[in-house]
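Undergrad: I'll drop the sequence and a predicted model, then ask my questions.
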Amino acid sequence: MKLGITSDHRGYNLKEKLIKKLNQDYEVIDYGCKNTESVDYPDYAFKLGEALTNKEIDFGIAICGSGIGISIACNKVKGIRAARVTNIEDVIETRTDNDANIICLNEKMNEIDAYNLIISFITTPFSNIDRHIRRINKIKEYEVKNEC
């Protein structure tokens, strides 16, 4: 399984710790940023989202100060369903109900908690329940209908 990971400057330190830990069992591709100098999170969110839609990776991990801004930016990429999560219940629900493909975290999360959420995210399957499929398809149809 290939995982893509990205962050802004505030999420950089957590990203680096997670890369080391995740690289033990997964192939991890780092989409930046490269240090703690101020950057704009949308630039990195778009890179990660495009890598996922181009099938370069299986799942994405995005980190910024709150996890919110980078999730908003990731969701602007067609086909992305990014979810900012803070606990295991969020992870399970967003995978089983929404088939989310990018997990978004805040930089204040400790490495162990973040790692555990990521592992749950990538190992929790989508439920394939009709109502959830119908809702996801509505999102996909809207994306296509509103393309420029």
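TA: Thanks, I have it.
Undergrad: From Gly69, how far off is the most centrally placed residue in the chain?
TA: Closest residue to the average C-alpha location of the chain: Ile102 at 2.3 Å, with Cα atoms, centre = their mean. As judged by Cβ to Cβ, to the nearest Å, Ile102 and Gly69 stand 13 Å apart. Glycine gets a C-beta too; all of them are placed from N, C-alpha and C.
Undergrad: now do Glu143
TA: 21 Å.
Undergrad: Now do the top helix by length along the chain: which elements does it pack against?
TA: Selection of the longest helix in the chain by residue count, based on DSSP state H, yields helix 130-145. Using 3 or more Cβ pairs under 8 Å, 6 or more residues apart in numbering; DSSP states H and E, the elements in contact with helix 130-145 are helix 88-98.
Undergrad: from the chain's centre, how far out does the helix it packs on sit?
TA: 13 Å (Cα atoms, centre = their mean, to the nearest Å).
Undergrad: Leu48 against Ser7, yeah?
TA: No - look at Leu48 against Ser7 with Cβ atoms under 8 Å: they stay out of range, at 9.5 Å.
Undergrad: Name the residues contacting each of the two.
TA: Ala62 (Cβ atoms under 8 Å, 6 or more residues apart in numbering).
Undergrad: Next, please give the residue ranges for the strands of the protein.
TA: Listed in chain order, the strands of the chain (DSSP state E) span 2-7, 27-30, 59-64, 82-84, 102-106.
Undergrad: Rebuild the ones you listed as CSV, extending it with mean pLDDT and distance to Arg135.
TA: Listed next are these as CSV, based on pLDDT from 0 to 100; distance: least, Cβ to Cβ, whole Å:
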stretch, mean pLDDT, distance to Arg135
strand 2-7, 99, 25
strand 27-30, 98, 30
strand 59-64, 99, 20
strand 82-84, 98, 14
strand 102-106, 99, 18
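Undergrad: Identify whichever of the ones you listed lies nearest to His132.
TA: Minimum separation from His132 across those (Cβ to Cβ) falls at strand 82-84, 13.7 Å.
Undergrad: and the closest one, what other elements does it pack with?
TA: So strand 82-84, by 3+ Cβ pairs under 8 Å, 6+ apart, packs with helix 68-74, helix 88-98, strand 102-106.
Undergrad: Neighbouring strands of that strand in the sheet, and parallel or not?
TA: Sheet pairing of strand 82-84 (DSSP bridges) gives strand 102-106 (parallel).
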